[in-house]
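A.B. asks: What would the 3D arrangement of this be:
(one chain, ligands or ions: 1)
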Amino acid sequence: MVRFKSEVEASDALLFVTPEYSRSIPAVLKNAIEWGSRPWGKTSWPNKPAAVTGTSPGAIGAAVVQQHLKSVLGAQGLHLLGGEAYITFKPDLVDADNNVADESVRGFLKAFIDNFSAFASRFAATPASRAAA
Ligand SMILES: Cc1cc2nc3c(=O)[nH]c(=O)nc-3n(C[C@H](O)[C@H](O)[C@H](O)COP(=O)(O)O)c2cc1C
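C.D. replies: Modelled structure (predicted):
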């Protein structure tokens, strides 16, 4: 847990990629968010630029969990990228080399990541300046 918190604190930006469990956040991810917020007064989350995406086999592509997650992360003080990235998972979405096989999904994700990168670079901060933000 100490390592998890220090890796979060050392990061420039955080990309959350999640499946959807019971139309909400998988318990293990929620648990990690809670550990990152503790002990009281020593939360690792505030002022980090962050983005949320995810995939599920359902037609709405993990939309509900992403809304829940953004709400939880906003309450923790992260700066969230706007917009939406709901990906419907199909068996051939990812090829044997772990590349996104579908060209339109690949293009969409590239634009999403480029946008996130530009967003995060606006916060380009050292941990010290971030704390002062
Ligand atoms: C307990 C549980 C609940 C799930 N609930 C949903 C759900 O509400 N909506 C959805 O689209 N998929 C749901 N799924 C499918 C997951 O989003 C996911 O596609 C699948 O579990 C594969 O991811 P995993 O290997 O991380 O579990 C659920 C899966 C599990 C195990």
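A.B. asks: Check the spacing between L73 and S104 real quick.
C.D. replies: To S104, L73 is 28 Å away according to C-beta to C-beta, to the nearest Å. For the C-beta atoms, the positions are set from N, CA and C on the backbone; glycine is no exception.
A.B. asks: If you count surrounding residues, which of those two has more?
C.D. replies: Ranked by neighbour count (other C-beta atoms under 10 Å), L73 and S104 place L73 first, with 21 against 8.
A.B. asks: Does the more buried one touch L15 like I think?
C.D. replies: No. If you go by C-beta atoms under 8 Å, L73 and L15 don't touch, sitting 11.5 Å apart.
A.B. asks: and for the two, which residues touch both?
C.D. replies: Residues touching both L73 and L15 by C-beta atoms under 8 Å, 6 or more residues apart in numbering: A50.
A.B. asks: Run through the residues of this structure sitting next to the ligand.
C.D. replies: 19-23, 56-58, 62, 89 (C-beta under 6 Å from any ligand atom).
A.B. asks: Just give me the least confident of these.
C.D. replies: Within the residues of the chain next to the ligand, the minimum per-residue pLDDT falls on G58 (87).
A.B. asks: Tell me which helix or strand that one sits in.
C.D. replies: Under the criterion DSSP states H and E, no helix or strand holds G58.
A.B. asks: separation between it and T88?
C.D. replies: G58 is 7 Å from T88, by C-beta to C-beta.
A.B. asks: Indicate each strand paired with the longest strand seen in the chain and its parallel or antiparallel sense.
C.D. replies: Scanning the chain for the strand with the most residues, using DSSP state E, yields strand 49-56. Here strand 49-56 is paired, per DSSP bridges, with strand 14-18 (parallel), strand 79-80 (parallel), strand 86-88 (parallel).
A.B. asks: so can I have JSON lines of the ones you listed showing mean neighbour count?
C.D. replies: Converted to JSON lines, these look like this (neighbours: other C-beta atoms under 10 Å):
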{"stretch": "strand 14-18", "mean neighbour count": "18"}
{"stretch": "strand 79-80", "mean neighbour count": "18"}
{"stretch": "strand 86-88", "mean neighbour count": "18"}
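A.B. asks: just the residues of the chain next to the ligand now: which is nearest K42?
C.D. replies: Closest approach between these and K42, by C-beta to C-beta: Y21, at 28.2 Å.
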